[in-house]
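**Q** model this:
(chains A and B)
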2 protein chains.
Amino acid sequence: MNLNKERLKERTKQIEEIIFSYLPKEKGEQKTVIEAMNYSVQAGGKRLRPMLMQETYFMFGGDGESIYPFMAAIEMIHTYSLVHDDLPAMDNDEYRRGKKTTWAQFDECTAILAGDALLNFAFETALKAAKGDHPHILHALSILAAKAGIYGMIGGQTADIEAEKQTEVMDGESLLFIHEHKTAALIQAAMMIGAVMAGASKEETLLIEKCAYNIGIAFQIQDDILDVTSTFDILGKPIGSDEKNHKMTYVSIYGLEKSKEDVERLSEEAISILSSFGRRNLFLEELVKQLINREK
Amino acid sequence: MNLNKERLKERTKQIEEIIFSYLPKEKGEQKTVIEAMNYSVQAGGKRLRPMLMQETYFMFGGDGESIYPFMAAIEMIHTYSLVHDDLPAMDNDEYRRGKKTTWAQFDECTAILAGDALLNFAFETALKAAKGDHPHILHALSILAAKAGIYGMIGGQTADIEAEKQTEVMDGESLLFIHEHKTAALIQAAMMIGAVMAGASKEETLLIEKCAYNIGIAFQIQDDILDVTSTFDILGKPIGSDEKNHKMTYVSIYGLEKSKEDVERLSEEAISILSSFGRRNLFLEELVKQLINREK
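**A** Reported below is the predicted structural model:
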């Protein structure tokens, strides 16, 4: 199976319909912050995390709507992290995906609140899955909270910011810590929650955690590779920006050849895990391959 | 019973021991953000919300440790809201309770992350109560998430900030919205979670919600009153600051006399609800009286 562009577009649209249905209504005294929340979530993106979540859910035989609130929740958490990352006190970015970032569109204060609100609303939304008293919800919630927090995504973000303050050159170990936490943790949460909510066993969930780790790290290394090998036209943003910003990357530490080898190895391992389960999801396998070997 | 100062001090210490035991260890690559989190939580405060939570829990016959993670969680949420409120882009406060605020002690970027981390860690911590698969945990989590979010505390904060941007004079309705959401919502969460975790009925929990509403609003009106009637020595901060900042308060809208009457009325209603349950908690009743009629 080759991943059809139309099929991917269609799936992305389906995912967005689900996510958007959980967004709060833009009314009341708190209207401004809700507008800023919704602006941020609707600004676009690959919808990678909710898609990986639902496809993993499908793979383990899940077919109900109880995964929907978690799909919305993980995209809200991913979005809040971008909203706060873009702030003047953080990366000070005015544009993302060709659109104004939340603070640039509204103001700093509203962007801080909208980020807080999205993080909180993610948990509110995920708890909506609790309506049916689903047995796996507390487990799924714990995964979400853990992978998003100081021992997950926020931990990686902290290490990244600390590294930028240092004058000494970052080593491979520190860079791996950042990639593991800033990128891989939420991808792990996405796929693990998909598995858990579909009733996967403990062993299966551990294998999915390992698989998602590989996907997350390979995805990030590919990002570093593209910054060197791609062109502005393909990528839609300036290439060589990491080197210009004196940012340590996987490529600058290990070289282009080893980076490509590692993406290949991590990708093969991930696919090998995915294809080892009794029930296969070929769309998921193709999605992972394309993500890792993508050209933009 | 008169609330003994020593007894209150002792209870505050007990509560702090519980809360602090849930704080993360200051180590690893994410050490800085954890230091900032712990600095913020340990900076002091009345520990009002966890105290009201545990006392309500006691009143409904709760006596186990399953309330502990929620006590820590609500104080973390209260703390994160202060950390973000104090930011330069928000209230730009350098000191709180005589200590440097988090961004002034660390930096803006760390304070944003530490606030995010505290909010996320609050849910992680509350989920630790889930170990024993307690039947009321999902309910308690939903209350926490709802009262802390856009239809609770963050909603109030948004309305407050919006009001400051407006040139027109705020009316009583808008002010009440802010007090209801910014202050009362978390006090409601505290007492409702105490009730729910002790196994209170739906009707009892609704009464507690109403009682906590009264406490929250009365507490806030008393704040406005003290800003006019107290002295610098008693309050430990400049008086008349609301008027100086042209901030609309309950007193400026309704006058001092009606404000005092309303505090009295709200307080009496709250105590009357508390004393209506089969099992009474005299410490809680005294605590509420003192909070509302406090001199600082």
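**Q** Identify each buried residue in whichever strand or helix holds residue A:224, please.
**A** Here residue A:224 sits within helix A:202-229, counting by DSSP states H and E. Using 16 or more other CB atoms under 10 Å in any protein chain shown as the test for burial, helix A:202-229 gives A:204-205, A:207-209, A:211-227. Just so you know, the C-beta spots here come from the backbone N, C-alpha and C atoms, and that holds for glycine as well.
**Q** Stretch A:128-148 now?
**A** A:128-130, A:134, A:136-148.
**Q** Low-confidence bits of chain A, can you list those?
**A** A:1-2, A:130-134, A:231-246 (pLDDT under 70).
**Q** Intersect the buried residues of stretch A:128-148 with the contacts of chain B.
**A** A:130, A:137, A:138, A:141, A:142, A:145, A:146, A:148 (CB under 8 Å from any CB of the partner chain).
**Q** thought the fourth one was touching residue A:124?
**A** I take that to be residue A:141. No - contact between residue A:141 and residue A:124 fails when scored by CB atoms under 8 Å: they sit 11.4 Å apart.
**Q** I'd like to know which of the ones next to chain B among the buried residues of stretch A:128-148 are part of strands.
**A** Among these, no member falls in strands (DSSP state E).
**Q** Which of these fall within helices?
**A** Among these, the residues falling in helices (DSSP state H) are A:137, A:138, A:141, A:142, A:145, A:146, A:148.
**Q** Quick check: bridge partners of residue A:96?
**A** Going by DSSP bridges, residue A:96 is paired in beta bridges with residue A:99.
**Q** Quick check: it vs chain B, distance?
**A** 17 Å (CB to the nearest CB, to the nearest Å).
**Q** Quick one: residues contacting that residue.
**A** A:43, A:82, A:86 (CB atoms under 8 Å, 6 or more residues apart in numbering or on different chains).
**Q** Closest one to chain B out of these, please.
**A** Of all the contacts of residue A:96, residue A:86 has the smallest distance to chain B: 11.2 Å, by CB to the nearest CB.
**Q** Give me the neighbour count for the closest one.
**A** Residue A:86 has 22 neighbours, counted by other CB atoms under 10 Å in any protein chain shown.
**Q** got a list of what it touches?
**A** Per CB under 8 Å, 6+ apart, neighbours of residue A:86: A:92, A:93, A:94, A:96, A:101, A:102, A:103, A:104, A:111.
**Q** neighbours around the nearest residue to residue A:84 once chain neighbours are set aside, how many?
**A** Closest residue to residue A:84 apart from its sequence neighbours, by CB to CB, 6 or more residues apart in numbering or on different chains: residue A:115 at 4.3 Å. Neighbourhood size, residue A:115 [other CB under 10 Å]: 30.
**Q** Check residue A:87 too.
**A** Residues near residue A:87, counting by other CB under 10 Å: 23.
**Q** Next one: it from residue A:153, what distance?
**A** Between residue A:87 and residue A:153 the distance is 16 Å, computed by CB to CB, to the nearest Å.
**Q** Also residue A:216?
**A** For residue A:216, the distance to residue A:153 - CB to CB - is 11 Å.
**Q** And for residue A:95?
**A** For residue A:95 relative to residue A:153 (CB to CB), the value is 22 Å.
**Q** Between those two, which has more neighbouring residues?
**A** It is residue A:153, of residue A:95 and residue A:153, that has more neighbours when counted by other CB under 10 Å, with 24 against 11.
**Q** Kindly report the residues of the stretch 101-250 of chain A close to chain B.
**A** Near chain B, when you scan the stretch 101-250 of chain A using CB under 8 Å from any CB, you find A:107-110, A:112-113, A:115-117, A:119-121, A:123-124, A:127, A:130, A:133, A:137-138, A:141-142, A:145-146, A:148-151, A:154-155, A:157-159, A:161-162, A:174, A:177, A:181.
**Q** Out of those, list just those in helices.
**A** Per DSSP H, those map to helices at A:108-110, A:112-113, A:115-117, A:119-121, A:123-124, A:127, A:137-138, A:141-142, A:145-146, A:148, A:154-155, A:157-159, A:161-162, A:174, A:177.
**Q** Buried ones among the residues of the stretch 101-250 of chain A next to chain B?
**A** For those, a burial check counting by 16+ other CB under 10 Å picks out A:108-110, A:112-113, A:115-117, A:119-121, A:123-124, A:127, A:130, A:137-138, A:141-142, A:145-146, A:148-151, A:154-155, A:157-159, A:161-162, A:174, A:177, A:181.
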